[in-house]
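1. I would like to see how this sequence folds:
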Amino acid sequence: MAEVHAEMVASVWKVVVQEGDTVSEGDTLVILESMKMEIPVLSEDTGVVARIEVAEGDVIQEGDLIAVIE
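-> Predicted structure coming up:
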C-alpha cells in the first residue's frame, strides 16, 4: 500500500482517477493549482486506487493525504 501526500499548499483543480481505477507508476492522479500553475500529482506505484481523499475545489496543505494505492 502506498500513500500519496501533498508536497505543497494548493487547491485541487481536477481529480483524474476514481476509486477502483488501476494506475501505473507515473500516471496522473490529481492536478493541483498553485500560483496560477497546474501541478500534476503522479502515482509512484502501480496498483489500484483504494481511496481518494480530496475533491475538486479542496484547499490542501503540505503533507495532506491525497490518495491510497494498493
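
2. for the residue lying closest to Ile66 once chain neighbours are set aside, give the beta-bridge partners.
-> Leaving out its chain neighbours, the residue that sits closest to Ile66 by C-beta to C-beta, 6 or more residues apart in numbering is Val4, at 4.7 Å. To be clear about C-beta, it is placed using only N, CA and C from the backbone, and glycine gets the same treatment. Judged by DSSP bridges, the bridge partners of Val4 are Ala67.

3. do Ile31 as well
-> Counting by DSSP bridges, Ile31 is bridged to Lys14, Pro40.

4. the protein: strands as residue ranges?
-> 2-5, 10-15, 22-23, 28-34, 37-42, 47-52, 59-60, 65-69 (DSSP state E).

5. out of those strands, which one sits most buried?
-> Most buried of the strands of the chain, by mean neighbour count (mean count of other C-beta atoms under 10 Å): strand 65-69, with a mean of 19.

6. sorry, back to before: go ahead and confirm the residue nearest to Ile66 touches Val41.
-> Yes: at 6.4 Å, Val4 counts as touching Val41 under the criterion of C-beta atoms under 8 Å.

7. give me the common contacts of these two.
-> Listed as contacting both Val4 and Val41 by C-beta atoms under 8 Å, 6 or more residues apart in numbering are Leu29, Ile66, Ala67.
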